[in-house]
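Q: okay, predicted coordinates and the sequence, questions at the end:
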Number of protein chains: 2
Amino acid sequence: MGENGIRDDDDDEKVEVNIYPLNSYYFGSKEDAIPSKDHSLQRFKSNYDARGMRTCVEAVMMVELFKHPHLLLFQIKNSIFKLPGGRLRPGESDTDGLKRKLARKLSADENLAEWEVGECLGMWWRPDFETSMYPFLPPNVKHPKECTKLFLVRLPESRRFTVPKNMKLLSVPLCQIRDNHKTYGPIISAVPQLLSKFSFNMIGI
Amino acid sequence: MGENGIRDDDDDEKVEVNIYPLNSYYFGSKEDAIPSKDHSLQRFKSNYDARGMRTCVEAVMMVELFKHPHLLLFQIKNSIFKLPGGRLRPGESDTDGLKRKLARKLSADENLAEWEVGECLGMWWRPDFETSMYPFLPPNVKHPKECTKLFLVRLPESRRFTVPKNMKLLSVPLCQIRDNHKTYGPIISAVPQLLSKFSFNMIGI
């Protein structure tokens, strides 16, 4: 049993996550803005007819601040919060797609090798075009319209984030996110529960 | 990519869970009741002084009904819902303790070998005696009073459950549990999210 009395299993799951202080990262701005996509229902439907279910992949990235784990979130137009990520291209794997999205939105030189995509933490389903998302496929839904998968992305000890100029990258404490559906929506507000099986090693404090 | 377009990863995580129809299990009743424990704050405090933090281990067990995953829950006195499990003894491992609790509460002959305790799904912390539980250790809490860990317990294709006569074992659909804090409390109502990374193979339907 560990000194804190918490860990007494011999299993080989990767249940420890090293997190590093926020100030060990550098945050800069890209000269470009990322153009906002057409979020219309019409576009969603025509894409579904052409390509089938939309799959999105999103990254859960943690830093330490005030001895508490913080989640990195994009804020858009001072209101909407989003996990970094986006839609897969047809045939693209989850890992390749998430690396591409992170490189595009957070790296200066779009270097895919900089990103380590870890385990899937959760999946959410949209049973129909206009419904909200569920953490399971509801009964009798045979053709969901969207699936969003969250992956743990372990950050290195230090790195540079380069953020599109129309977006802000914020670090938000888990204790603020938890159960705060109203501000963060159902997916982000459940991230603290999805992370609860991990032990965070806060390095350098 | 699989035929449903969902699984396209090569990782070796055990993300598939076979679940079997409710009617493939037999539910009987023990002649004994399990005496209810002393849940007083005074008892909790004196136990903490004697033995330190209380650790509880609980089982997430799934069956299929109406083509939807259902969670097995104890209902006590027609109101309180509980996951099967209980408190560890001093020095006992999570797995041994959970097997002991499941054998005591759900097996006729208290056979430990009948139970397969799988991965940890989540951990919840009680920072102080009278606070509610959190899916992380809140900032500046050095001496939590309780930790509850949830484990996935994969059921065999068929088995007999023998339930103490003062308890009922119910199967509750995930879609009813989700976000229903009021009825199920914060831990059980988050189980659908904790399970969302798994694909359920519903066998025999």
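A: Good, I have the coordinates. What you see is a predicted model; the values in this text were computed from it and never measured.
Q: residue ranges of the strands in chain A, please?
A: A:16-19, A:25-29, A:54-60, A:62-65, A:68-76, A:80-82, A:85-87, A:117-126, A:146-153, A:159-163, A:167-173, A:199-202 (DSSP state E).
Q: centroid residue for chain A?
A: In chain A, the centroid-proximal residue (Cα atoms, centre = their mean) is residue A:59; its distance is 2.6 Å.
Q: who's in contact with that residue?
A: Contacts for residue A:59 (Cβ atoms under 8 Å, 6 or more residues apart in numbering or on different chains) come out as A:72, A:83-85, A:98, A:101-102, A:117, A:150-151, A:153. For the C-beta atoms, the positions are set from N, CA and C on the backbone; glycine is no exception.
Q: what is the neighbour count of residue A:52?
A: Residues near residue A:52, counting by other Cβ atoms under 10 Å in any protein chain shown, number 12.
Q: er, residue A:110 actually
A: Residues near residue A:110, counting by other Cβ under 10 Å: 14.
Q: do you know how far the residue nearest to it when sequence neighbours are not counted is from residue B:146?
A: Setting aside the residues directly before and after it, residue A:110 is nearest to residue A:103 in space (Cβ to Cβ, 6 or more residues apart in numbering or on different chains), at 4.4 Å. In this view, residue A:103 and residue B:146 are 43 Å apart by Cβ to Cβ, to the nearest Å.
Q: tell me where the model's unsure across chain A.
A: A:1-14, A:205 (pLDDT under 70).
Q: longest helix of it, counting residues only.
A: helix A:94-106 (DSSP state H).
Q: what's the angle from that helix to strand A:25-29?
A: 70 degrees (axes from the mean of the first three to the mean of the last three Cα atoms, to 10 degrees).
Q: flag every buried residue along helix A:94-106.
A: Under the neighbour-count criterion of 16 or more other Cβ atoms under 10 Å in any protein chain shown, helix A:94-106 has A:94-103, A:105-106 buried.
Q: what angle do that helix and strand A:159-163 make?
A: 70 degrees.
Q: what helices or strands is helix A:94-106 leaning on?
A: Contacts defined by 3 or more Cβ pairs under 8 Å, 6 or more residues apart in numbering or on different chains; DSSP states H and E place helix A:94-106 against strand A:54-60, strand A:85-87, strand A:117-126, strand A:146-153, strand A:159-163.
Q: alpha carbons of that helix, as PDB, please.
A: In PDB, the C-alpha atoms belonging to helix A:94-106 read as follows (Å, rounded to 0.1, in the frame of the first residue of the first chain):
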ATOM      1  CA  ASP A  94      -9.300   8.400 -34.000                       C
ATOM      2  CA  THR A  95      -5.600   8.900 -33.100                       C
ATOM      3  CA  ASP A  96      -4.600  10.300 -36.400                       C
ATOM      4  CA  GLY A  97      -7.500  12.600 -36.500                       C
ATOM      5  CA  LEU A  98      -7.000  13.900 -33.000                       C
ATOM      6  CA  LYS A  99      -3.300  14.500 -33.600                       C
ATOM      7  CA  ARG A 100      -4.200  16.400 -36.800                       C
ATOM      8  CA  LYS A 101      -6.700  18.600 -35.000                       C
ATOM      9  CA  LEU A 102      -4.300  19.300 -32.100                       C
ATOM     10  CA  ALA A 103      -1.500  20.100 -34.400                       C
ATOM     11  CA  ARG A 104      -3.700  22.400 -36.400                       C
ATOM     12  CA  LYS A 105      -5.100  24.200 -33.400                       C
ATOM     13  CA  LEU A 106      -2.300  24.200 -30.900                       C
END
